[in-house]
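Trainee: I'd like to go over a predicted model; first the sequence, then the structure.
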Amino acid sequence: MPRRIILVIYILSGMTTLLVFNYYLTNSLNNKEAFLQLQRAEGFIFVLLIGLILFLYLSKREEFKQLKEEEKLRSTLINSMVDFVNFKDGEGRWLESNTFGLQLFQLENVDYKGKKDSELAEYSQFYRDSLIYCEDSDQETWAMKKITRCEENIPLPNGHFKTFDTIKVPSFHEDGSRKGLVVIGRDISERIAAESQLLASEQRYKSLFDHNPSPMLMLDLKGTITTVNPRFEAVTGFHNEEVQGDLFVDMNFSSEAKELIRSSCEYVVAKQKGIKKGQDIEFVTKNGNSILLSCTFVPMLVGNKLAGIITYAKDVTQIRETERRLRRSEKLSIVGELAASVAHEVRNPLTSLKGFVQLLSSSDHPHEKYYTIMLSELDRINLIVSELLVLAKPQELTLSENQIVELMGEVRDLLKLEANSSSTQMSIQVKNEIPLILCEANQLKQVFINMLKNAMEASASHIAIEIEQIKDSITIIIKDNGCGIETNRMKHLGEPFYSSKEKGTGLGLTVSCRIIESHQGKVLFNSKPGHGTEVKIELPIYK
């Protein structure tokens with residue numbers, strides 16, 4: 001209770017007591033005994049009133065002292081906070097603010113109590129707009145009649161900003177009128193900056209992951225796929241939704257490859273080190289195509305804790321095919337050098353031998369059949385030498401416009417008698433209009449002859465020839481229903497001196513493949529034992 005009220009109570013009670021006792025004392029002058037009793041009662045009542053007033057004063061003083069201590073503690077607490085703390089009344093006037101808030105708005109030397117934000121804006125030119133905005137924001141909180149929370153950017157004199165997570169707590173009287181407003185603003189600038197850096201880091205990482213030219217996967221510590229990048233989807237055909245949650249090792253790998261993957265994942269988890277498998281892993285795509293992957297496994301660390309495994313599965317199919325062609329080219333180069341020297345050395349005595357055999361056959365009729373056999377074998381040797389010379393050096397192409405359908409028809413007519421003798425039927429199907437192409441006609445005829453002869457020698461009863469234009473290429477497919485080719489022999493097709501025929505030289509397919517390559521085309525083989533063979537030749541129309 002304020003001292004002013006206590007004083008008023010004391011004066012009023014004292015005056016009332018005096019008046020009452022004076023009245024009774026005046027009326028009791030004739031009665032001495034009553035007069036004395038009234039005087040004693042008056043003194044007792046005065047002592048009692050003074051004691052009561054003193055007690056009230058001391059108790060309120062103690063409460064006031066305690067209140068002061070609490071206010072001091074509260075002031076110390078809010079001033080020691082790194083948050084902006086502000087108390088306002090129902091009209092938005094500042095009641096109290098901590099030191100941080102006063103320093104923030106440059107109001108340290110301003111008597112702020114009892115002033116609104118718009119009034120304080122006149123004392124801080126730099127923060128004028130910010131203070132006016134705070135007053136508008138307070139009005140929104142009052143209107144909503146509930147606790148509000150938002151992020152506010154406060155400019156700094158150095159050109160930077162501080163971001164505050166601001167909470168405003170309104171209070172109301174029982175009749176609904178405004179009572180007060182507490183504003184607490186926590187500086188979250190460092191958190192926002194850290195989040196921004198983290199977001200930038202995540203975006204860089206995501207960009208590296210999403211746009212990496214190699215297929216990439218993220219695995220958990222058990223080897224389960226958590227996500228794959230778009231390149232993995234493009235190479236394998238499997239989308240993220242299809243493989244997410246599956247074990248990487250359970251995908252389309254061979255049993256040997258699965259063991260390599262399993263051991264690699266276990267090594268990364270145990271050692272927290274990356275590992276690259278030197279052996280290519282064969283993988284079957286969603287479309288059924290077989291590709292080769294070179295896999296690298298690296299740990300995914302968050303701080304010092306292993307969070308998962310990142311797998312780079314580089315598609316090396318084309319690289320290995322290029323290496324294979326390079327080795328084959330080097331082999332052909334060596335064979336060509338050897339063939340050139342052998343061919344020239346053999347051809348000279350071969351010419352002499354053939355001449356003497358022809359001379360002897362004309363004068364020695366009893367042994368004519370032997371001479372005929374010798375001439376046939378000499379012709380075969382001469383053919384082998386000619387094929388060796390083809391391998392020895394690239395043949396100069398004299399290109400001219402030719403119709404593939406006509407060339408194939410001529411080859412069919414040429415082999416018709418041989419086909420009839422082996423009971424083989426040949427059919428040509430032209431699927432669309434075939435344009436002229438630039439080629440060396442005789443060399444392409446040689447290719448077609450080799451392919452058709454191989455089909456007839458494979459005991460085929462029917463050979464189907466399909467010719468079709470597909471985009472900028474002409475595709476020639478030669479199918480037979482012969483005995484087919486074993487799987488282990490397919491990879492050796494086209495290699496020089498490789499042949500399964502009793503009298504084969506292994507040069508026919510080699511020469512044919514070289515001719516097609518010199519025409520910028522390619523040859524593909526597909527065969528199964530007992531189901532025949534399919535040879536697909538692709539030739540560009542304009543080169």
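Mentor: Cool, the structure landed.

Trainee: In terms of helices and strands, where is the closest residue to residue 150 other than its chain neighbours?
Mentor: Excluding its sequence neighbours, the residue lying closest to residue 150 (Cβ to Cβ, 6 or more residues apart in numbering) is residue 166, at 5.7 Å. Backbone N, C-alpha and C define where each C-beta goes, glycine included. Secondary structure from DSSP states H and E places residue 166 in strand 161-172.

Trainee: mind listing what's buried in that strand?
Mentor: If you call a residue buried by 16 or more other Cβ atoms under 10 Å, then strand 161-172 has these buried ones: 162, 163, 164, 165, 166, 167, 168, 170.

Trainee: quick one, what contacts the fifth one?
Mentor: If you count contacts by Cβ atoms under 8 Å, 6 or more residues apart in numbering, residue 166 has them with 84, 137, 149, 150, 151, 152, 183, 184, 185, 186.

Trainee: quick one on the thing from earlier: which of the buried residues of strand 161-172 sits closest to residue 430?
Mentor: Taking Cβ to Cβ as the measure, residue 430 lies nearest residue 163 of those, at 74.8 Å.

Trainee: correct me, but that closest one touches residue 186?
Mentor: No - using Cβ atoms under 8 Å, residue 163 is not in contact with residue 186; the gap is 9.6 Å.

Trainee: picking up where we left off before, which of the contacts of residue 166 fall within strands?
Mentor: Counting by DSSP state E, the contacts of residue 166 place 84, 149, 150, 151, 152, 183, 184, 185, 186 in strands.

Trainee: any idea of the pLDDT on the third one?
Mentor: Reading off the confidence values, residue 150 has pLDDT 86.

Trainee: can you tell me how far it sits from residue 410?
Mentor: For residue 150, the distance to residue 410 equals 87 Å [Cβ to Cβ, to the nearest Å].

Trainee: next one: residue 223
Mentor: Plainly put, residue 223 is 60 Å away from residue 410 if you go by Cβ to Cβ.

Trainee: between those two, who's got more neighbours?
Mentor: Neighbour totals were compared for residue 223 and residue 410, and residue 223 leads with 22 against 13 (other Cβ atoms under 10 Å).

Trainee: for residue 83, what are its contacts?
Mentor: Counting by Cβ under 8 Å, 6+ apart, residue 83 has contacts 98, 100, 184, 185, 186, 187.

Trainee: repeat that with 7 Å
Mentor: Counting by Cβ atoms under 7 Å, 6 or more residues apart in numbering, residue 83 makes contact with 100, 184, 185, 186, 187.

Trainee: next one: residue 299
Mentor: Counted by Cβ under 7 Å, 6+ apart, residue 299 has contacts 268, 272, 273, 274, 306, 309.

Trainee: pLDDT on the helix or strand containing it, on average?
Mentor: Per DSSP H and E: residue 299 is located in strand 290-302. For strand 290-302, the mean per-residue pLDDT is 87.

Trainee: distance between it and the chain's centre?
Mentor: Centre-to-centre, strand 290-302 and its host chain are 14 Å apart (Cα atoms, centre = their mean, to the nearest Å).

Trainee: Stretch 293-304 now?
Mentor: 14 Å.

Trainee: buried ones in it?
Mentor: 293, 294, 295, 296, 297, 299, 300.

Trainee: Reformat those as TSV; add distance to residue 480.
Mentor: Formatted as TSV, the buried residues of stretch 293-304 follow (distance: Cβ to Cβ, whole Å):
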residue	distance to residue 480
293	35
294	37
295	40
296	44
297	46
299	54
300	54
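
Trainee: Surely residue 235 and residue 215 touch.
Mentor: Yes - in this structure residue 235 lies within contact range of residue 215 using Cβ atoms under 7 Å: 4.9 Å.
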